[in-house]
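> sequence and predicted structure are below.
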Amino acid sequence: MRKSLFPVLMCFTCAFFMNSLSAEAQSSDDGSILLSDYAYTPEDNLVGTIVIQGAEDASAEDFVLRGDNAGKFKIKKGNQLFIRGKYAKSAEKWVDLAIGTADGQLSADFRILKDQFHTNGVIAHRGAWKNTKVPQNSIASFEEAVKLGCEGSEFDVHLSADSVTILFHDRDKEGLVIEKTSYKDLSEERLSNGEVLPELVDFLKAAMNQNTTKMVLEIKPSAVSKERGIALTEMVVRQVREAKAQAWVDYISFGYDICQRLLELDPYANVAYLNGDKAPSEVAADKLFGLDYNQKVFREHPDWITEAKEQGLTLNVWTVNKAEDMDWFLEKEFDFITTDEPELLLEKVKK
């Protein structure tokens, strides 16, 4: 039987795409305009510090504000970006702003967000799906987490064979290996609520309609190669930037190389490590945001809880579904608890 050229062509195309993406991302590591933060509150109108990645010594005069909303902001000493007081107190949930260099060589668009995120530490695992009967890792499960008032909603991102970033937890869907199957084939069967298998770009757009629940974006390591996992990481960061979603997104991953690459691409991103095999001192030395370990790890290494706090790391734990376990981690004053039972955990934190 004559063999089809499709798998060969797909592999060649994916390899070419990943090499091109990696080269593009590598070249953009330096020379990009970044913000150290993207949000303000009515009480604190400091947004963040403007930097050129790789040239942090730029002065305030090097930057200009552009666009219809430029007059709502001002740059102060040390490249600090402020939203003007009356706009910080307005009803707007976000404001779009373009920032460029005075010589016109660099420019970037940002969505500056009014920070009204909940601070209850409740992270809905794959969204709020279990008690709402909606699919995991769906737009609907994120929306249910928002309705509940969760601080964050976690979801998983894979790369399909034709390099589409999609939301799904397992490595295979209905017997189809995600990394070896096209998005068209993966999405032929809709989710149980009729929703199409979400692409990341569509999910970001839908989740940015509010400013109370954060996206906790898990980048899945590749089973094919580490290079493919890095290519996924670079694509995810690019799509988050293009969507102007930085204020909404925190990152997590089981791949330490992925965590490190995230911080190379955006040194100000909140990045936490999932695998549970590194002590807090090592994670802190690499400037990660926090530990996000399975509850068994923290019970086996209770000293890591104290050490993490001393190192200035945040503490998240997964997946905590029993009431007595929730009580234990609440008593230990964890910053976040990831759960399939956000309703129960919310009841506890409100007491």
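Good, I have the coordinates. Numbers count the residues shown, from 1 in each chain.
> for the stretch 251-351 of the chain, which segments count as strands?
271-273, 290-294, 314-318, 336-339 (DSSP state E, counting those that start in this stretch).
> JSON lines for those strands, including mean pLDDT, mean neighbour count and distance to residue 164?
Using the backbone N, CA and C atoms, a C-beta is placed for each residue, glycine as well. Compiled in JSON lines, the strands of the stretch 251-351 of the chain are given as follows (pLDDT from 0 to 100; neighbours: other Cβ atoms under 10 Å; distance: least, Cβ to Cβ, whole Å):
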{"stretch": "strand 271-273", "mean pLDDT": "99", "mean neighbour count": "25", "distance to residue 164": "23"}
{"stretch": "strand 290-294", "mean pLDDT": "98", "mean neighbour count": "24", "distance to residue 164": "26"}
{"stretch": "strand 314-318", "mean pLDDT": "99", "mean neighbour count": "23", "distance to residue 164": "26"}
{"stretch": "strand 336-339", "mean pLDDT": "99", "mean neighbour count": "26", "distance to residue 164": "26"}
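> element containing the closest residue to residue 169 other than its chain neighbours, please.
Leaving aside its chain neighbours, residue 169 sits nearest to residue 156 (4.7 Å; criterion: Cβ to Cβ, 6 or more residues apart in numbering). In this structure, residue 156 sits in strand 152-159 according to DSSP states H and E.
> contacts for the helix or strand following that strand?
Next in sequence after strand 152-159, counting helices and strands by DSSP H and E, comes strand 165-167. If you take Cβ atoms under 8 Å, 6 or more residues apart in numbering as the criterion, strand 165-167 is touched by 137-138, 155-160, 178, 183, 186-187, 197-201, 203, 232, 235-236, 239.
> who touches the residue nearest to residue 136 when sequence neighbours are not counted in this structure?
Closest residue to residue 136 apart from its sequence neighbours, by Cβ to Cβ, 6+ apart: residue 126 at 3.9 Å. Contact partners of residue 126, counting by Cβ under 8 Å, 6+ apart, are 136, 137, 141, 154, 155, 156, 169, 340.
> closest to residue 245 among these?
Closest approach between the contacts of residue 126 and residue 245, by Cβ to Cβ: residue 155, at 12.9 Å.
> hang on, the earlier thing: could you give the bridge partners of the residue nearest to residue 169?
In this entry, residue 156 is beta-bridged to residue 218, by DSSP bridges.
> now do the same end-to-end measure for stretch 152-171.
23 Å (Cα to Cα, to the nearest Å).
> domain map for the protein?
Split into domains by automatic domain parsing, the chain comes to 33-114, 122-350.
> any quick ChimeraX command for the buried ones out of the contacts of strand 165-167?
Selection of the buried residues among these in ChimeraX, burial being defined by 16 or more other Cβ atoms under 10 Å:
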select :137,138,155,156,157,158,159,160,178,183,186,187,197,198,199,200,203,232,235,236,239
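> so which of the contacts of strand 165-167 sit within strands?
Among the contacts of strand 165-167, the members falling in strands (DSSP state E) are 155, 156, 157, 158, 159.
> and stretch 280-296, which residues are buried?
For stretch 280-296, using 16+ other Cβ under 10 Å, the buried residues are 280, 283, 284, 288, 289, 290, 291, 292, 293, 294, 295.
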